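J.: Kindly return the folded structure for what I paste below:
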Amino acid sequence: MISQFCKWLDATPLSQTFQSLVWFVPTVQTIHILSIAVVMTSVVLVAGKLIGLSGRAQTLAAMLSSALPWVWWALAALLTTGLLLIIAEPGRELLNNAFRAKMLLVAGLAGILRFVQVRLRHDADYWNHRRLAAGGLGVASLLLAVTIIVAGRWIAYI
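T.: Predicted coordinates:
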């Protein structure tokens, strides 16, 4: 079923147009990679704070209020550029198990960040009283971030 969808999408005029523009995929990939850098940098900052390794001069609430908007905007850019890349090369993405794994990992990372943000919004000291849980979420975020990058690279080779 996914294979049929990929064949259909690949034959659409929009996909054909994207494929015929030699600059399109490299340009969209560049924006995609820059957005990944923004997300990953923000995740490292937040995770370091959750673990207790960085940002001692700033509260977690202050760090999240400055870092997470960057994450959400960059994730929106990733979604947009990712959809454009899927339209341009549907089989390369949608039929690839590394791509599917990456999407699940991204959803998990976004879920963790949202969970941390929502808990903090309700109680500014929430994570201060749950240092072990905060550290665990920080470590999980870092592991997910690294695994997402690896899965993203595997897409080209699987």
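J.: and the closest residue to residue 128 other than its chain neighbours, what does it touch?
T.: In space, and not counting its chain neighbours, residue 128 is closest to residue 60: 7.4 Å by CB to CB, 6 or more residues apart in numbering. Bear in mind the C-beta positions are built from the backbone N, C-alpha and C, glycine included. Residue 60 is in contact with 49, 50, 120, 127, 128, 134, counting by CB atoms under 8 Å, 6 or more residues apart in numbering.
J.: 7 Å - rerun?
T.: With contact taken as CB atoms under 7 Å, 6 or more residues apart in numbering, residue 60 is in contact with 49, 120, 127.
J.: Using the three-state scheme, assign the last one.
T.: Spelled out, it's residue 127. Classification of residue 127 using DSSP: H, G, I helix; E, B strand; the rest coil returns helix.
J.: so how many other residues sit close to the closest residue to it other than its chain neighbours?
T.: Closest residue in space to residue 127, ignoring its immediate chain neighbours: residue 134 at 4.2 Å, by CB to CB, 6+ apart. Residue 134 has 22 neighbouring residues, counting by other CB atoms under 10 Å.
J.: Return stretch 106-123 as PDB; C-alpha atoms alone will do.
T.: Coordinates of each C-alpha in stretch 106-123 appear next as PDB, following Å, rounded to 0.1, in the frame of the first residue of the first chain:
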ATOM      1  CA  VAL A 106      11.400  12.500  16.800                       C
ATOM      2  CA  ALA A 107       7.800  12.000  18.200                       C
ATOM      3  CA  GLY A 108       9.300  10.600  21.400                       C
ATOM      4  CA  LEU A 109      11.800  13.500  21.800                       C
ATOM      5  CA  ALA A 110       9.100  16.100  21.100                       C
ATOM      6  CA  GLY A 111       6.800  14.300  23.700                       C
ATOM      7  CA  ILE A 112       9.500  14.400  26.400                       C
ATOM      8  CA  LEU A 113      10.200  18.100  25.700                       C
ATOM      9  CA  ARG A 114       6.500  18.900  25.800                       C
ATOM     10  CA  PHE A 115       6.000  16.900  29.000                       C
ATOM     11  CA  VAL A 116       8.800  18.800  30.700                       C
ATOM     12  CA  GLN A 117       7.400  22.100  29.400                       C
ATOM     13  CA  VAL A 118       3.900  21.400  30.600                       C
ATOM     14  CA  ARG A 119       4.900  20.200  34.100                       C
ATOM     15  CA  LEU A 120       7.100  23.300  34.500                       C
ATOM     16  CA  ARG A 121       4.300  25.600  33.300                       C
ATOM     17  CA  HIS A 122       2.000  24.300  36.100                       C
ATOM     18  CA  ASP A 123       4.700  24.400  38.800                       C
END
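J.: Right, I'll leave it there.
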